[in-house]
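Colleague: My questions are about this predicted structure, shown below with the sequence.
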Amino acid sequence: MPNQAPISPHVLIFPLPLQGPLNSMLKLAELLCLNHIKITFLNTQHIQERLCNCTNSENYYLSKYPNYFRFQTVPDGLPEENPRTGDQIPNLLESMEAVAAPIFREMVGCGVCGPDSENPVTCIIADGIFTFATDIATEIGVPLLYFDTISPCALWTYLCLPKLIEAGELPFKDDNLDEIITNTPGMEGIIRRRDLPSFCRTNNLNDRIIQLVLKEDKHIPLAQGLIFNTFQELEAPILSQFLNISPNIYAVGPLHAHLKARLVGPEAEPTYSNSIWKEDKSCISWLDSQPLKSVIYVSIGSLAVMTKDQLFEIWHGLVNSGSRFLWVRRPGSVVGSGNSESDEIPLELAQGTKEKGCIVSWAPQEEVLCHPAIGGFLTHSGWNSTLESIVEGKPMICWPYFVDQQVNSRYVGEVWKLGLDMKDTCDRVVVEKMIREVMELRNDEFLERANGMAKLAKASVSEANNLYKCIAHFTNQKHRTRSYE
Ligand code: UDX
């Protein structure tokens, strides 16, 4: 006879410790809590500290979902003084595999989330790049779903890597970055060499990122399913390609929009900010005093950097365009030296910025993008930024920096036609021209497309219900196993 109390659904969520993935995973976690699913959210100590210093995040989740949400932390293995910048991602992943993975294994195997704990974990949701999660989940007997927080179109190019290498399309045979790629099924005629993820621009297939991605490609099909922060109307052709490699696909996005819709009601609150930088909210009062759709918002997210020369090219382009602008200059985002002899700001830039600009170190981006004064977004094409812009119907100028961003910007410019792709260029004349096109000359055309896609995004039917059912199914299986053993 069964002699144990029923087990309730309990998901351990393990995000890649970067701002973008953290945002998506916390939104998913909150949606799961609202559906009475217990969450253990596993952050690295470094991220947890920054979250606590910059927001009231810990209190927000713990007090709003006292019976459903808890944080646990693991070290990422890097010395505290080491930077966690974009160029350090391979180091971060390797050190997490060495240091964080064994602690995670113990936590799920015999620790606070193990089978003998009061609330054993019944499902793991981990970032797709955590290949160590498949072995641990199999060994302990807990089902695993991978949540790839980048776009399906970008992940699909990652999964095509073996085919590209086999067909001799990688490494590139010459310098022609406009050559069309043929071995990315479902993307025929769309992807040029320059639109492949940035790590493809190498002659060395033993490059650490390439090797990490090839490993990820082998592990993704081993999970019980794949979760995406996207919606069918945006990426249906690519989502259908994934059905060939994974038994269960859940397109649950745009997560922030679905969460916002769920939180609307008598106790409505905006979705919670999970920033690991301190937000400067003064830009919202600045926006309040600007005319409708007159401001271009400029941000390169949490990891991208630019040189001093690029900073000045963008700055001149912005001022020369005559547009108003709100610019996020994250501390540390301007690197190295350029030809600009000194840090002295030319008079015309100082004057132009004083008249029409606002510069902050970190903005409340979701709030900024839905502000009526914003007319466009010059973005690095990170997936969260892209989705946030799509939901608010803001046309984009894409200036991708690395990894998945090259693919996203191609889709924005060529497939969805929601803006312009400025990839591989940073010239004041081009910046000015593109801003004029998006904000004035072709504004009607882009706005019509952007508003249409925003409507589809808001009306999209999240596949989260199927995800809840899947988690409930895993939990029932676990219960039966426990009761009859
Ligand atoms: C990383 C990768 O760089 C990106 O390529 C990948 O698609 C996701 O993970 P990041 O570069 O930070 O992310 O970009 P993005 O995905 O756009 O996420 C940035 C997040 O920070 C967004 O949710 C955005 O709203 C937020 N943000 C950004 C702010 O809250 N304030 C800011 O000033 C800038």
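Modeller: Here it is on my side, so go on.
Colleague: show me the contacts for whichever residue of the stretch 1-150 of the chain sits closest to the ligand.
Modeller: Across the stretch 1-150 of the chain, no residue is closer to the ligand than Gly20, which sits at 2.6 Å (Cβ to the nearest ligand atom). Glycine gets a C-beta too; all of them are placed from N, C-alpha and C. Under the criterion of Cβ atoms under 8 Å, 6 or more residues apart in numbering, the contact list for Gly20 reads 149, 301-302, 382-385.
Colleague: if we go to 10 Å?
Modeller: With Cβ atoms under 10 Å, 6 or more residues apart in numbering as the criterion, the residues that contact Gly20 are 149-150, 229, 301-303, 382-385, 404.
Colleague: Quick check: of the residues you listed, which lies closest to the ligand?
Modeller: Proximity to the ligand was ranked across these by Cβ to the nearest ligand atom; first place goes to Gly382, at 2.3 Å.
Colleague: Surely the closest one touches Pro400?
Modeller: Yes: under the contact definition of Cβ atoms under 10 Å, Gly382 touches Pro400, with a separation of 8.8 Å.
Colleague: Common neighbours of those two, please.
Modeller: Contact with both Gly382 and Pro400 is made by residues 300, 304, 408, according to Cβ under 10 Å, 6+ apart.
Colleague: Which members of these occur in strands, if any?
Modeller: Among these, no member is found in strands (DSSP state E).
Colleague: out of those, which touch the ligand?
Modeller: Ala304 (Cβ under 6 Å from any ligand atom).
Colleague: returning to that earlier point: phi first, then psi, for the residue of the stretch 1-150 of the chain closest to the ligand.
Modeller: Main-chain dihedrals, Gly20, degrees, to the nearest 10: phi -60, psi -60.
Colleague: that older thread, among the contacts of Gly20, give me the pair with the biggest separation.
Modeller: Greatest spacing in the contacts of Gly20, by Cβ to Cβ: Asn229 and Leu303 (17.5 Å).
Colleague: Comparing the two, which residue is more hemmed in?
Modeller: Neighbours were tallied for Asn229 and for Leu303 using other Cβ atoms under 10 Å; the higher tally belongs to Asn229 (27 against 22).
Colleague: thought the more buried one was touching Pro152?
Modeller: Yes: under the contact definition of Cβ under 10 Å, Asn229 touches Pro152, with a separation of 9.3 Å.
Colleague: Common neighbours of those two, please.
Modeller: Common neighbours of Asn229 and Pro152 (criterion: Cβ under 10 Å, 6+ apart): 251, 253, 383.
Colleague: if I look at Trp399, how far off is Asp421?
Modeller: Here the criterion is Cβ to Cβ, to the nearest Å. By it, Trp399 lies 9 Å from Asp421.
Colleague: Would you mind telling me which of the two has more residues around it?
Modeller: Taking other Cβ under 10 Å, Trp399 and Asp421 do not tie; Trp399 has more neighbours (27 against 23).
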